[in-house]
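Q: this one's structure only:
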């Protein structure tokens with residue numbers, strides 16, 4: 001089996017008991033051998049010498065110096081207890097033992113070059129496993145249906161599992177719970193994770209203007225004098241907005257807190273109440289209501305929505321398929337929502 005270039009992968013083969021090479025003594029088992037003395041370069045050297053019958057030609061093909069090739073041959077001879085190749089004229093002729101070993105060596109190299117080294121092409125239509133996605137609650141509400149529908153269309157035999165995620169559990173989901181990717185707002189993630197920007201989220205002010213009956217965008221005094229509700233993850237009825245207002249020397253009146261984005265729109269309808277919420281939640285067509293959206297009367301920093309994956313899985317075909325699909329779907333959805341309302 002001819003290889004165009006040397007495979008620079010060293011394998012200690014500690015656990016490859018299934019690979020059975022002909023041994024110099026039938027009484028010696030695979031476990032008796034010192035597998036730490038074997039690497040793939042030895043097998044590549046054997047294969048090249050067997051085919052080319054020349055140390056110099058084998059060295060050239062493997063991009064090795066002749067001393068290195070000769071050293072590998074010496075190790076092979078010691079390992080297998082046979083000369084393996086003997087010089088006859090200008091050729092290195094294989095021994096009977098070398099002829100016995102050659103098919104096994106070629107089989108092992110074939111497994112590495114055809115089955116292990118190249119990643120298998122992912123065929124979603126034949127995939128019967130799960131796609132596991134960590135997603136924040138509001139992102140699940142907005143993007144979950146499109147992600148599920150598209151995966152059902154492209155991978156009809158698959159299952160989809162959506163898990164709640166935040167900065168606190170993102171790493172655990174990816175490392176310990178077989179999660180393929182996470183979507184949301186994340187802070188200070190470790191270096192072994194990949195972060196892909198999806199879109200920039202901004203804040204909008206939303207309320208039922210049939211009740212408030214105010215001009216748009218809402219004036220600061222109306223904003224401050226109207227009871228407000230907020231999203232809270234820590235049971236505190238304050239946020240960065242209150243810090244901004246404090247610097248301005250004013251306060252707002254927060255009367256209601258919730259952990260659920262979807263609750264905000266239900267609560268605002270028909271009430272003298274307003275909220276500042278993420279733009280995509282406000283623009284989402286999930287709820288058909290008469291709430292209005294406008295820019296808030298104060299500056300509130302935008303924030304990024306990211307997709308996070310493990311760096312070590314970046315080249316896996318299934319992960320590549322899923323990340324590209326999710327990225328395209330979410331970015332398309334954001335453009336759509338920003339156009340229609």
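A: Nice, thanks for sending it over. All of these numbers come straight from a predicted model, not from anything done at the bench.

Q: alpha carbons only for contacts and neighbour counts from here, please
A: Will do.

Q: okay but residue 208 is in contact with residue 291, surely?
A: Yes. At 4.6 Å, residue 208 counts as touching residue 291 under the criterion of C-alpha atoms under 8 Å.

Q: Residue 259 contacts residue 236, doesn't it?
A: No. Applying C-alpha under 8 Å as the test, residue 259 and residue 236 come out as separate, 10.7 Å apart.

Q: For residue 108, see how far away residue 39 is.
A: Going from residue 39 to residue 108 by C-alpha to C-alpha, to the nearest Å gives 12 Å.

Q: nope, residue 202 is what I was after
A: Counting by C-alpha to C-alpha, the gap from residue 202 to residue 108 is 56 Å.

Q: quick one: the helices in the protein?
A: In order along the chain, the chain carries the following helices (DSSP state H): 40-52, 55-62, 66-80, 96-110, 137-154, 170-176, 209-212, 220-225, 240-248, 261-268, 279-283, 317-340.

Q: Would you single out the least confident of these?
A: Mean pLDDT is lowest for helix 261-268 among the helices of the chain, at a mean of 84.

Q: distance between that helix and the chain's centre?
A: Relative to its chain's centre, helix 261-268 lies at 32 Å (C-alpha atoms, centre = their mean, to the nearest Å).

Q: in stretch 226-240, what's buried?
A: By neighbour count on 16 or more other C-alpha atoms under 10 Å, the buried set for stretch 226-240 is 226, 227, 228, 229, 230, 231, 232, 237, 238.

Q: Report how many residues lie close to residue 339.
A: Counted by other C-alpha atoms under 10 Å, the residues lying close to residue 339 total 9.

Q: same check, this time on residue 127
A: Residues near residue 127, counting by other C-alpha under 10 Å, number 16.

Q: if I pick it, what's in contact with it?
A: Residues counted as contacts of residue 127 (C-alpha atoms under 8 Å, 6 or more residues apart in numbering) are 155, 157, 158.

Q: Buried ones among these?
A: The neighbour count (16+ other C-alpha under 10 Å) marks 155, 158 as buried among the contacts of residue 127.

Q: Low-confidence ranges, the stretch 151-300 of the chain, go.
A: Counting by pLDDT under 70, the stretch 151-300 of the chain contains low-confidence residues at 285-288.

Q: hmm, try it at 90
A: Confidence mapping of the stretch 151-300 of the chain against pLDDT under 90 gives the ranges 166-167, 175-178, 187-188, 231-236, 239-240, 259-266, 277, 281-291.

Q: Just the strands from it, written as ranges.
A: Residue ranges of the strands in the stretch 151-300 of the chain, as given by DSSP state E, counting those that start in this stretch, are 159-164, 181-184, 193-201, 203-207, 228-231, 254-258, 274-278, 292-294.

Q: and among the ones you listed, the most buried is which?
A: Neighbour counts (mean count of other C-alpha atoms under 10 Å) averaged over each of these peak at strand 181-184, with a mean of 25.

Q: Tell me which strands that one pairs with, and in which orientation.
A: Partner strands and pairing direction for strand 181-184 (DSSP bridges) are strand 130-135 (parallel), strand 303-310 (antiparallel).

Q: what separates that strand from the chain centre, distance-wise?
A: For strand 181-184, the distance to the chain centre is 9 Å (C-alpha atoms, centre = their mean).

Q: what does it contact?
A: Counting contacts by C-alpha under 8 Å, 6+ apart, the residues outside strand 181-184 that touch it are 132-136, 139, 165-166, 170, 174, 305-310, 323.

Q: try stretch 43-59
A: Stretch 43-59 has contacts (C-alpha under 8 Å, 6+ apart) with 1-2, 6-7, 61-62, 65-66, 69-70, 72-73, 76, 85, 90-94, 98, 102, 105-106, 109.

Q: Hmm, residue 187 is touching residue 166, no?
A: No. Between residue 187 and residue 166 there is no contact under C-alpha under 8 Å: 9.2 Å.

Q: When those two are compared, which one has more neighbours?
A: Each of residue 187 and residue 166 has its neighbours counted (other C-alpha under 10 Å); residue 166 has more, 18 against 8.

Q: who are the neighbours in contact with that one?
A: Per C-alpha under 8 Å, 6+ apart, neighbours of residue 166: 135, 136, 184, 185, 186.

Q: shouldn't residue 237 be in contact with residue 253?
A: No. Look at residue 237 against residue 253 with C-alpha under 8 Å: they stay out of range, at 9.7 Å.

Q: Quick check: the gap between residue 111 and residue 40.
A: For residue 111, the distance to residue 40 equals 12 Å [C-alpha to C-alpha].

Q: neighbour count winner among these two?
A: residue 40 (20 against 12).

Q: how about the nearest residue to residue 200, chain neighbours excluded?
A: The shortest distance from residue 200 to any non-neighbouring residue, by C-alpha to C-alpha, 6 or more residues apart in numbering, is to residue 304 (4.5 Å).

Q: Measure how buried residue 225 is and give me the count.
A: The burial count for residue 225: 11, using other C-alpha under 10 Å.

Q: With residue 128 instead?
A: For residue 128, the count of nearby residues is 12 (other C-alpha under 10 Å).

Q: And the residue nearest to residue 200, how close does it get to residue 187?
A: As defined by C-alpha to C-alpha, residue 304 lies at a distance of 10 Å from residue 187.
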